[in-house]
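K.L.:
Provided below for reference: sequence and predicted model.
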Amino acid sequence: MTSEKPVLADELQRRGISRRSFLKFCSSIASAMAMSPAMASEMAEKLAYTRRQSVIWLSFQECTGCTESITRAHKPSLESLIFDFVSLDYHHTLQAASGDAAEHAREMAMHDNGGEYLLIVDGSIPLKDGGVYSTIAGITNLEMLKQVAADAAAIVSVGTCAAYGGLPRADPNPTGAVAVSDIISDKPIINIPGCPPMPVVMTGVLAHVLTFGIPELDSLGRPKAFFGDSIHDRCYRRPFYDRGQFAKSFDDEGARKGWCLYELGCKGPTTHNACATLKWNNGTSFPIQSGHGCIGCSEPDFWDAGGFYKALSTGADNPGQWAGNAMLAGVAGGAAAAYLNRGKKKQASDAVEPVTIDDMRGK
Amino acid sequence: MNEIELLNWARGPGLTYATIFMVFGLTLRVIEILAMGRDKELAEVRASGVANGWRMILKRSIPEPRNWKYITAAYIWHIGLLIVVFFFIPHTQLFRDVFGWWFGGVPSFIIDFFTVLSIAALLYTLVQRFTDPARRILSRMSDYLAWLVTFLPFVTGYMAFHRLGTDYTLMLALHILSVELLMVALPISKLSHAVTFFMARYYTGSSFGRRGIQA
Amino acid sequence: MTTSFEQGINTLKKVIDAPIASYFSSCTSCGLCAQGCVFYTEIGDARYTPIHRLEPMRRIWEQEYTVLGRLKKLVGLSKAVTQQELQDHVELVFESCTTCGRCSMMCPVGNDIVYMIRKMREGMTAAGLAPKELKVAATKTLEKGSVMGFPMDTLEAMVRAAEKETGIKINIDEPNVDYLLLLSSAEVMQFNEIIGALAQIFEQAGVTWTLSSTAHEAGNPGMHMGASDIEAEMINRIVAAAEELNIKRVISPECGHAYMAIRWEGPNVIGRPYPFKVYHIIEVLDRLRAEGRLKTTGCEDERLTFHDPCQAARRGGVNEPQRNLLNMVTCNFVEMKDTQACNWCCGGGGGVSSIESTEPLRKKIFHRKRRQIEELDVTTVVTMCATCRNTLEEGIEDNGMEVEVLGLTEVVANHLLKEKEA
């Protein structure tokens, strides 16, 4: 049933949320995304007159880690997001309904908000064997994604699985797992990768989408505000890298002095995320600070990048493993070439006649 | 293919294929050379050529002062190459991973210095290839390509380290790919001299040793 | 054979061995060989870059004996060596190269470039491209027994004259003596005082020696052409004479290329080791000195220097003996700045001085020797090769220099302690 929906301002008023709290919410989002203070009031203006956003969250081949992460969000809190600004109409873990009732709620939301709802996906989509490796209510993930995406306003792929295929896609990829963007190409897609993504990044991006629409994205579809820099570029241990001071093993002297973890496999240089600046657990710490190298979890194929404890400069596949065989093949090839060479040389030698005095007199 | 996929390919299959081709090709080349044979020395020798053969391998590396104008740049970048390739810490990680053991590294600012020096020296050798009449008449397309293939790893490495050019991931991928290009070029160009010069110096040294020729 | 382009190409294919393959494989086109070459540095023609002279051979190596080269040939991407190209290289391989070997000293990867030049000459001659003067010299040597074509009678007359002058008997075809002496045509025709000088030295030292009527010529135009078969024929004459006369030591005279031919190339071109040893005359004199059998008095006191003949010194390994002798009979000896293995070629060797058309080139490159001599401010240059002697004298005259050229044996003989004076 489609009815004139109330705008957010009315909703907030009805719920007794003060204007002050509302402005505070907008300021915190703006600062998290490095927007100017002026944007905070603009955001407030816009938000006040939007309708409560319908959000459908589809969970496919995933571990629920992304949901776990987002529930740790501290600013803006997921709580405030869900209760105050979005209508989370479908989410396996957080919804009260189950079974047919849940699917029915989804269909209703799609029908009522056609063309306007936000689709959030976590988990990869298996394609092998007709997609049977992950189904919900008898419908394959592939089919459900296509159905729900058809009428969505935009899609947010949360977590590396939805964004790039993630863990299920790691070699040998037995389920034929792919990313959302490998299936849907006619809707705007925002990738928020990470395994899991940072809570504040998820909520911050969602908040931006609600207020200003889709943020500026990089070549891999990630919001530049959070994924524009690499960990390495913001890492507090960078001076040690520059000076060439590296920990050689966990808990050695260098490790204890907090030296760079490059030799212990840190993928910071090639990983884009906000861990080094915003940090985890309410800004407490991040892996490198705790003494473990970055595993590159917000990049595609990070599971197949050669190993978490092998330095970025090493071969991902042990390049020397075939060297012995290559040399044997070279010997064989050389022997063949040698055989041909000697044959040719002999042929030439046999064809040569001695130079005699007649040749001296001749010409 | 995105940058990280390209990087993973370069670090993974790319490096493996390049290694295989390089080892295969160089082995073949060495045997191909040996196959041509060497006539037995029938004249009465002053000394067995073996000792001088080995000595020549080291001796010809000593620069000839008369030719300083022509060799300085080449010495600079060859020495730079050895230092940068074998003693830059990320590189030492790779060698340690492949061979099980490697030397320690040197501070990165030293590597940086030698990289810049080597790039300058390489550019100068290219100029020499155009201006020195002897070098010019000898230079074929393969000489210029060999120069390019040697130059690219230095430049891409420098750019990657200093976060110049494009996104680091892509720059690193390009650097690794440029090294793979060099590895593939090694057996099939004059760059094979990196391995065959041992043979050339030995043959000449042994012949000189037999005849009592100095140097 | 009947020489032909095909025979030439086949010969070039035949002579490529493992050293040559390693040389072409290692050449980085650095051009340093040019800095060692007297023709390149004095004239400046880029085509005189030593390794460039070998370009036809390089392409044959690449196209015939490398996998990549053969693949390129299959898909039509390689340039075959042509008759015209070989013709163009006659100038580079015979006329502007004395095979002095200074290029081989400069190569950073250790290529013995002159070794390849020698092999390339093999192919050029088989292709019928040997310079006519060398062919003429070879014919004379084979037919008449001497490079300049004089018969044994001429030499015999000189021997008699020397006997008369010195009062010492000089043997011809005498078996079972210590040494068989060879002579080069240039010595016989221009510097034949050496016969008497040697007679005196050997008499004093108590050395028995002989000449051979069938094998008196040390010079070997076969080697200059790179025609190993012809070279072998000439060497075999000497071997036959030494074997017939049962002599265990053969002396190569004051000549550069003769030493290279008889001492180093000989056994390899005839296919078997010698049953005798070979020495440069200066090595023999030095040994006599070391054994105390050479008694001299006084020394040349004018300021003088020594020119090392390329084939004997740099390429032949005879570097110390001449210096020992110089220290004995001269008292004002100064080395050239570039000396011994790095000394500069006079421009006469390798068959070049026999070829008429090379005169302008030789005149130009002589300036290198001129500068070497002038910067030492000497009035005398001593050497141990008759061709070098001729070339130096010619160049000195051309440039109006007041410098005398002497042969080392001659200098030693001049200071022999005479019996009467003892």
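P.N.:
Noted; the coordinates are in hand.
K.L.:
where exactly do the strands run in the stretch 201-350 of chain C?
P.N.:
C:209-210, C:249-252, C:277-280, C:304-307 (DSSP state E, counting those that start in this stretch).
K.L.:
will you turn those into a markdown table that also has mean pLDDT?
P.N.:
Shown next, in a markdown table, are these (pLDDT from 0 to 100):
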| stretch | mean pLDDT |
| --- | --- |
| strand C:209-210 | 97 |
| strand C:249-252 | 97 |
| strand C:277-280 | 97 |
| strand C:304-307 | 96 |
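K.L.:
Show the contacting residues for residue C:194.
P.N.:
C:183, C:187, C:253-254, C:407, C:409-410 (C-beta atoms under 8 Å, 6 or more residues apart in numbering or on different chains). Every C-beta, even on glycine, is put in place using the N, C-alpha and C of the backbone.
K.L.:
try residue C:147
P.N.:
Residue C:147 neighbours (C-beta under 8 Å, 6+ apart): C:137, C:140-141, C:184-185, C:217, C:219, C:221.
K.L.:
Let's see that with 10 Å instead.
P.N.:
C:136-138, C:140-141, C:184-186, C:188-189, C:217-221, C:224, C:234, C:258, C:354 (C-beta atoms under 10 Å, 6 or more residues apart in numbering or on different chains).
K.L.:
remind me, longest helix of chain A?
P.N.:
Ranked by residue count and defined by DSSP state H, the top helix of chain A is helix A:323-351.
K.L.:
Could you list the buried residues of the next helix-or-strand element following that one?
P.N.:
Downstream of helix A:323-351, the first helix or strand assigned by DSSP states H and E is helix A:357-362. Of all the residues in helix A:357-362, those buried under the rule 16 or more other C-beta atoms under 10 Å in any protein chain shown are A:357, A:359-360.
K.L.:
so how far is helix A:357-362 from its chain's centroid?
P.N.:
Taking C-alpha atoms, centre = their mean, to the nearest Å, one finds helix A:357-362 lying 83 Å from the centre of the chain it belongs to.
K.L.:
can you tell if that helix touches chain C?
P.N.:
Yes - using C-beta under 10 Å from any C-beta of the partner chain, we find that helix A:357-362 touches chain C at A:357-362.
K.L.:
model confidence over that helix, on average?
P.N.:
Taken as a whole, helix A:357-362 has an average pLDDT of 85.
K.L.:
Who are the packing partners of that helix?
P.N.:
Using 3 or more C-beta pairs under 10 Å, 6 or more residues apart in numbering or on different chains; DSSP states H and E, the elements in contact with helix A:357-362 are helix C:113-126, helix C:132-144, helix C:221-225, helix C:228-244.
K.L.:
Show me what that helix is in contact with.
P.N.:
The contact list for helix A:357-362 (C-beta under 10 Å, 6+ apart) reads A:353, A:356, C:1-3, C:7, C:125-126, C:128, C:130, C:132, C:134-143, C:221-222, C:225, C:227, C:229-230, C:233.
K.L.:
where in chain B is pLDDT low?
P.N.:
Low-confidence segments of chain B (pLDDT under 70): B:215.
K.L.:
any idea which residue sits dead centre in it?
P.N.:
residue B:194 (5.2 Å; C-alpha atoms, centre = their mean).
K.L.:
Roughly how far does the nearest residue to that residue once chain neighbours are set aside sit from chain A?
P.N.:
Nearest residue to residue B:194, sequence neighbours excluded (C-beta to C-beta, 6 or more residues apart in numbering or on different chains): residue B:186, at 6.6 Å. Noted for residue B:186: a distance of 12 Å to chain A, by C-beta to the nearest C-beta, to the nearest Å.
K.L.:
Now for residue B:186: which residues touch it?
P.N.:
Counting by C-beta under 10 Å, 6+ apart, residue B:186 has contacts B:18, B:21-23, B:25-26, B:29, B:146, B:149, B:192-195.
K.L.:
Out of those residues, which sit inside helices?
P.N.:
B:18, B:21-23, B:25-26, B:29, B:146, B:149, B:193-195.
K.L.:
could you dump the strands of the stretch 201-350 of chain C to JSON lines with mean neighbour count and distance to chain A?
P.N.:
Shown next, in JSON lines, are the strands of the stretch 201-350 of chain C (neighbours: other C-beta atoms under 10 Å in any protein chain shown; distance: least, C-beta to the nearest C-beta, whole Å):
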{"stretch": "strand C:209-210", "mean neighbour count": "20", "distance to chain A": "28"}
{"stretch": "strand C:249-252", "mean neighbour count": "24", "distance to chain A": "23"}
{"stretch": "strand C:277-280", "mean neighbour count": "21", "distance to chain A": "24"}
{"stretch": "strand C:304-307", "mean neighbour count": "24", "distance to chain A": "31"}
